[in-house]
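[1] Okay, predicted coordinates and the sequence, questions at the end:
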Amino acid sequence: MNTKDFNKLLELRIADMRSSMASKSSEYASSVDKLHNFKRAGRVLSCNPQRALVGMWVKHLVSVLDIVDKTESGVLPSEELWNEKIRDSINYLVLLEAIIKEQIKNAKK
């Protein structure tokens, strides 16, 4: 892939991530705390929010791995499916970063 096509892909990915985060925010976050869902899940599961997030993310990771396995057999996913799985996986990592950064900030107080 040439640089121009890669940069276009990157810009489209970032725009798609922003759109997804915005649309899912009302479903998964409170109006006050973007990380509410993971904090609540952590309390329910008696673990920290990042462990709860990783547990939720594993479902997406397994799906990505299954798709990769299928591609080795020549079965290619639809672009729509692949886009969704990659976007969601990246979003989980961004949310994990937010949890960790918030914890570091709170620990300094």
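    Yep, it's here. This structure is a prediction, so every number in the text was calculated from the model and none was measured. Residues are numbered from 1 along each chain as shown.
[2] now G74, what's its secondary structure?
    At G74, secondary structure determined by DSSP: H, G, I helix; E, B strand; the rest coil is coil.
[3] mind checking how far it is from K24?
    Distance check for G74 against K24: by C-beta to C-beta, to the nearest Å, it reads 33 Å. All C-beta spots, glycine's among them, are computed from the backbone N, C-alpha and C.
[4] Compare those two (neighbour count), which wins?
    Set side by side, G74 and K24 give different neighbour counts by other C-beta atoms under 10 Å, the larger being at K24 (13 against 6).
[5] give me the element the more buried one is part of.
    For K24, the element it lies in under DSSP states H and E is helix 3-28.
[6] Please state the offset of that helix from the chain centre?
    Once both centres are worked out by C-alpha atoms, centre = their mean, to the nearest Å, helix 3-28 turns out to sit 11 Å from its chain's centre.
[7] and L95, how many neighbours?
    The burial metric for L95, expressed as a neighbour count using other C-beta under 10 Å, is 22.
[8] Next up, phi/psi of it, please.
    Main-chain torsions, L95, degrees, to the nearest 10: phi -70, psi -40.
[9] One more: L35?
    In terms of degrees, to the nearest 10, the main-chain angles of L35 are phi -100, psi 10.
[10] Around it, count how many other residues there are.
    19.
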